[in-house]
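Colleague: 3D model of this:
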Amino acid sequence: MTLLDAQPYDTAKARKRQIKILIAITAVLVLAGFAWMYRNWPEEHSVDKFFDALQHKDYESAYGLYFNDPGWRQHQQKYAQYSYADFYRDWGPGGEWGLIKSHRIYGAANTKGFGGGGVVVEVVVNERAEHARMFVQKSDKTLTVYPY
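Modeller: This next block holds a predicted model:
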């Protein structure tokens with residue numbers, strides 16, 4: 001085959017190729033956008049489950065979610081620094097937030113300096129103007145109250 005024997009330029013085929021390339025680029029950009037928007041979803045989900053347990057007055061499950069240890073009863077001595085009684089005093093009906101009747105995740109932000117890397121999740125509790133801020137450690141999904 002020589003240069004003079006080349007097939008004629010097919011505009012329809014070229015147009016289809018351009019459309020396929022544009023669709024692929026758009027799909028990659030949309031997927032990257034979704035990945036960016038939901039980058040903190042696992043941490044937000046952990047905090048949502050924690051507040052769901054508090055809202056349903058299941059304080060023992062909430063304590064297990066706080067330490068990301070559903071079997072915390074088998075080794076309570078491991079959590080002697082923040083015992084279940086202290087947790088109930090802080091998060092129970094007499095705690096700072098009172099009886100939790102509603103909650104919703106307001107937003108989340110990554111941190112680098114505090115505790116080695118995690119996510120601060122802001123939660124609207126009982127439609128109060130002041131929001132609860134929970135710190136979720138990325139490595140082990142344990143929760144703490146964000147001190148700042």
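Colleague: can you give me the helices for the chain?
Modeller: Ranges of helices within the chain are 11-37, 41-55, 59-66, 84-91, based on DSSP state H.
Colleague: per-residue confidence at the closest residue to Gly117 other than its chain neighbours?
Modeller: Residue nearest to Gly117 in three dimensions, not counting chain neighbours: Lys138, with 5.4 Å by CB to CB, 6 or more residues apart in numbering. Yep, even glycine has a C-beta here, placed from its N, CA and C like the rest. According to the per-residue confidence, Lys138 scores 87 in pLDDT.
Colleague: ok, the one 4 residues further on next?
Modeller: The confidence metric pLDDT takes the value 90 at Thr142.
Colleague: that older thread, could the helices of the chain be laid out in JSON lines, adding mean neighbour count and mean pLDDT?
Modeller: As requested, these are exported to JSON lines (neighbours: other CB atoms under 10 Å; pLDDT from 0 to 100):
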{"stretch": "helix 11-37", "mean neighbour count": "10", "mean pLDDT": "95"}
{"stretch": "helix 41-55", "mean neighbour count": "19", "mean pLDDT": "94"}
{"stretch": "helix 59-66", "mean neighbour count": "20", "mean pLDDT": "94"}
{"stretch": "helix 84-91", "mean neighbour count": "15", "mean pLDDT": "92"}
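Colleague: what about Ser102, how many neighbours?
Modeller: In terms of burial, Ser102 registers 11 neighbours under the definition other CB atoms under 10 Å.
Colleague: now it: how far from His56?
Modeller: Computed as CB to CB, to the nearest Å, the Ser102 to His56 distance reads 12 Å.
Colleague: again with His45
Modeller: Applying CB to CB, the value for His45 to His56 is 16 Å.
Colleague: and if you look at Leu22?
Modeller: Between Leu22 and His56 the distance, using CB to CB, works out to 49 Å.
Colleague: same question for Gly33.
Modeller: Using CB to CB, Gly33 is found at 34 Å from His56.
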